[in-house]
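1. Structure for the following, please:
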Amino acid sequence: MSVTSFPFFCFFIISLFIYYLLPRSWQWCMLLVFSVFFFLCSGHPLTILYLLAGAAAAHLCAVQMAASRQRGDGKRAFRFLICGLAVNLGILAALKYSNFLIENISLAARLFHAKPPLHELHLAAPIGLSFYAVQVTGYLLDVYWDITPPQRSLLKTLLFAGFYPQLTSGPIARYAQVKDSLYGEHAFDSKRISDGLLRMLWGVFKKLVISVRAGVIVDTIYADTGRYNGLYIWLAAVLFMLQLYTDFSGCMDIIIGAAECYGVTLPENFRTPFFSQTVQEYWQRWHSTLGEWLKDYVLYPILRSKTFRNLPKKLKKHFSKKASRQIPTYLAMLCVWLLIGLWHGGNWKFIIGMGLWFWVIIVWEQVSEPFRMDLYDRFQIRTDCFSWHFLCSLRVLILVSIGNMFFRLNGFITSLRTIKRGFSHWNPELFFDGSLFTLGLDGKDFFVLLFGFLILLVVSGIQETGSVREKLSGQNLVFRWAVILLLFAAVLVFGVYGPGYEAQSFIYEAF
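-> Numbers count the residues shown, from 1 in each chain. Just a heads-up that it's a prediction; the model follows:
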């Protein structure tokens, strides 16, 4: 059930009416019922057993960990932590990465002229598997580290793991962040609901007006890279960046807006990433809940481990004092980026293109910073002006677009060949001779895409200085309603839907 489909909006509106008609003490129970129903309608019904098993294991292990801590039995608490992690991460690994492991074992067998010992598995994975698995993992670690008390209700733990808007594409929430609003009692608040619906409308605009149109050009070019090469490749790379952002952030707007209508506050996942000055800043603004999760639950624990604490002393024998302090951090970052690559899928193109590529760039940015600062001072280059910020953002856009090619294209070798074709021809005439109108969009659709991008740019600029909805609420009533009605009309008139349209899944729903 796509969150831009007509059945989803019918389900959402009906559930919202039921939610506020029932006694407030029943509200969290109804959210659980809605979530189970949504889960059953969004994939193979039996896959709900994975969610139930993961939530039940997390609940039991969290309660037992807290009890063991109270008795001073740290070893027993650790055993329950390992048990809870094994169930949730084991299900994730088995369903998402087993075929990747089998492919690599088969490849190794063929290198030694042996028969592949295993065959590809065809297992049905539940919707949002990666998102709820890592969310529950964070909950277990928080309980083990005594950051948060365990939830004593199994059904409430299940709701935390499977709250239905989050099942599509996240965001990844901490238990402490959402427990009060998720299980709280909420009175009907017209302003909160209108704000949530406006946020959902903005997300639908991003998806149906901008993302779908950008995707048409991307699909056309990448489907025939033998014909479309040179600047066509870079046009597709930049437009895929736009498509991916409006798709993923649009989905977040719908999810966070829907949760807001229920009175549930979810963490933000995007902070205008295209204004980033460095690749590291870009990843702090893009899918920020994943980055923060990996920082708190992977990077810091690795750096605090005994091995990494002792590593600088050993490195001092071979490196400078500064380098011996930095190398352990870079190695821990390498572990994080390998996990980010694996997060995007069990394929070497993700591990290298979405993981190692960005790790190398970020390490280079940090290592070269003193040299670059000295260079700027020597040549009196101003770094506090618009032109410099624009060039830095453009550089980030290009580097991230290259990484996203590995995300979009089929296979690592295909991605390398496509990048090579991007340098094979210099054909700027495509922007002036009408070639753009042969890529699947006519003149009207190109104008809509361009105008939608300009609106997105303006709104993103306003977001840099504060909440757009708060600024809009400070305007006169006529102006507010004019903006809302124009946005609604834009979705109705220019949105890609209707007869012949198949409600496209969001790109990150595959995770």
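2. just checking, what packs against the host helix or strand of L492?
-> Here L492 sits within helix 477-494, counting by DSSP states H and E. Contact analysis of helix 477-494 by 3 or more Cβ pairs under 8 Å, 6 or more residues apart in numbering; DSSP states H and E lists helix 190-205, helix 443-463, helix 468-473 as its packing neighbours. (Glycine included, C-beta is placed from N, CA and C.)
3. can you list the ones you listed in TSV and add mean neighbour count?
-> Shown next, in TSV, are these (neighbours: other Cβ atoms under 10 Å):
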stretch	mean neighbour count
helix 190-205	19
helix 443-463	15
helix 468-473	14
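4. Out of those helices, which is closest to T225?
-> Proximity to T225, assessed across the helices and strands packed on helix 477-494 by Cβ to Cβ, is greatest for helix 443-463 (21.4 Å).
5. For the closest one, which outside residues touch it?
-> 202, 205-206, 209-210, 213-214, 216, 242, 246, 271-272, 274-275, 436-437, 441, 468, 471, 490, 494 (Cβ atoms under 8 Å, 6 or more residues apart in numbering).
6. try it again with 7 Å
-> Applying Cβ atoms under 7 Å, 6 or more residues apart in numbering, the contact partners of helix 443-463 are 209-210, 213-214, 242, 246, 272, 274, 436-437, 441, 468, 471, 494.
7. Buried ones from the residues you listed, can you make that a PyMOL selection?
-> Of the contacts of helix 443-463, the buried ones go into a single PyMOL selection, burial set by 16 or more other Cβ atoms under 10 Å:
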select buried, resi 209+210+213+214+242+246+272+274+436+441+468+494
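8. Mind telling me the two of the contacts of helix 443-463 farthest from one another?
-> Pairwise distances across those peak at 36.9 Å for F437 and K471 (criterion: Cβ to Cβ).
9. Contacts only, for the residue most central in space within the chain.
-> In the chain, the residue lying closest to the centroid (Cα atoms, centre = their mean) is H287, at 4.3 Å. Applying Cβ under 7 Å, 6+ apart, one finds that H287 lies in contact with N269.
10. Repeat that for the one 4 residues further on.
-> By Cβ under 7 Å, 6+ apart, G291 lies in contact with 283-284.
11. mind checking which helix or strand it is in?
-> In this structure, G291 sits in helix 288-294 according to DSSP H and E.
12. Beyond the one helix or strand V36 maps to, next helix or strand please.
-> Assigned by DSSP H and E, V36 belongs to helix 27-41. Following helix 27-41 in sequence order, the next helix or strand is helix 48-70 (DSSP H and E).
13. isn't W348 right up against F412?
-> Yes - the pair W348 / F412 is scored as a contact, 5.1 Å apart, by Cβ atoms under 7 Å.
14. contacting residues around stretch 403-412?
-> 222, 237, 240-241, 244, 344, 348-350, 352-354, 357-358, 415, 418-419.
15. which stretches of the stretch 251-400 of the chain aren't confidently modelled?
-> Applying pLDDT under 70 to the stretch 251-400 of the chain flags no residue at all.
16. what ranges do the helices span in it?
-> 279-285, 288-294, 300-304, 306-315, 321-343, 348-350, 357-367, 369-378, 386-408 (DSSP state H, counting those that start in this stretch).
17. which secondary structure elements does the shortest one contact?
-> Contact here means 3 or more Cβ pairs under 7 Å, 6 or more residues apart in numbering; DSSP states H and E; on that basis helix 348-350 packs against helix 386-408, helix 412-421.
18. Now the ones you listed in CSV, please, with extra columns for mean neighbour count.
-> Below are the helices and strands packed on helix 348-350 laid out as CSV (neighbours: other Cβ under 10 Å):
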stretch, mean neighbour count
helix 386-408, 17
helix 412-421, 16
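19. Turn the ones you listed into a markdown table, columns for distance to Q463.
-> Output for these, formatted as a markdown table (distance: least, Cβ to Cβ, whole Å):
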| stretch | distance to Q463 |
| --- | --- |
| helix 386-408 | 15 |
| helix 412-421 | 32 |
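20. Minimum distance to G43: which of those has it?
-> With distances scored as Cβ to Cβ, the stretch of the helices and strands packed on helix 348-350 nearest to G43 is helix 386-408 (22.7 Å).
21. my read: K207 touches T4, true?
-> Yes - the criterion here is Cβ under 7 Å, and K207 meets it with T4 at 5.4 Å.
22. Using PDB, list the CA coordinates for stretch 386-401.
-> In PDB, the C-alpha atoms belonging to stretch 386-401 read as follows (Å, rounded to 0.1, in the frame of the first residue of the first chain):
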ATOM      1  CA  PHE A 386      27.700  33.300  -1.500                       C
ATOM      2  CA  SER A 387      29.900  32.400  -4.500                       C
ATOM      3  CA  TRP A 388      32.200  30.300  -2.400                       C
ATOM      4  CA  HIS A 389      29.300  28.500  -0.700                       C
ATOM      5  CA  PHE A 390      27.700  27.900  -4.000                       C
ATOM      6  CA  LEU A 391      30.800  26.300  -5.400                       C
ATOM      7  CA  CYS A 392      31.200  24.100  -2.300                       C
ATOM      8  CA  SER A 393      27.600  23.000  -2.600                       C
ATOM      9  CA  LEU A 394      28.100  22.300  -6.300                       C
ATOM     10  CA  ARG A 395      31.200  20.200  -5.500                       C
ATOM     11  CA  VAL A 396      29.200  18.200  -3.000                       C
ATOM     12  CA  LEU A 397      26.400  17.700  -5.500                       C
ATOM     13  CA  ILE A 398      28.800  16.300  -8.100                       C
ATOM     14  CA  LEU A 399      30.500  13.900  -5.600                       C
ATOM     15  CA  VAL A 400      27.300  12.600  -4.200                       C
ATOM     16  CA  SER A 401      25.800  12.200  -7.600                       C
END
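23. Other residues contacting that stretch?
-> Identification of contacts with stretch 386-401 by Cβ under 7 Å, 6+ apart yields 237-238, 241, 274-279, 282, 361, 382.
24. how does it look with 6 Å?
-> 237-238, 241, 276-277, 279, 282, 361 (Cβ atoms under 6 Å, 6 or more residues apart in numbering).
25. can I get the residues you listed in CSV with neighbour count and distance to Q475?
-> Shown next, in CSV, are the contacts of stretch 386-401 (neighbours: other Cβ atoms under 10 Å; distance: Cβ to Cβ, whole Å):
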residue, neighbour count, distance to Q475
A237, 25, 38
V238, 17, 33
M241, 22, 32
S276, 22, 29
Q277, 16, 31
V279, 21, 37
Y282, 21, 32
I361, 19, 41
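26. Greatest separation within those: which pair is it?
-> The span of those, defined through Cβ to Cβ, is set by A237 and Q277 at 20.3 Å.
27. what's the distance between W357 and K321?
-> 30 Å (Cβ to Cβ, to the nearest Å).
28. Those two - which one has more neighbours?
-> Neighbour count, other Cβ atoms under 10 Å: between W357 and K321, W357 has more, with 21 against 10.
29. And the pLDDT for the closest residue to the more buried one other than its chain neighbours?
-> Spatial nearest neighbour of W357, chain neighbours left out: G403 (4.9 Å); criterion: Cβ to Cβ, 6 or more residues apart in numbering. The model reports G403 with a pLDDT of 92.
30. Likewise for I217?
-> 93.
31. returning to that earlier point: so K207 and T4 - more neighbours on which side?
-> For K207 versus T4, neighbours defined as other Cβ under 10 Å are more numerous around K207 (29 against 24).
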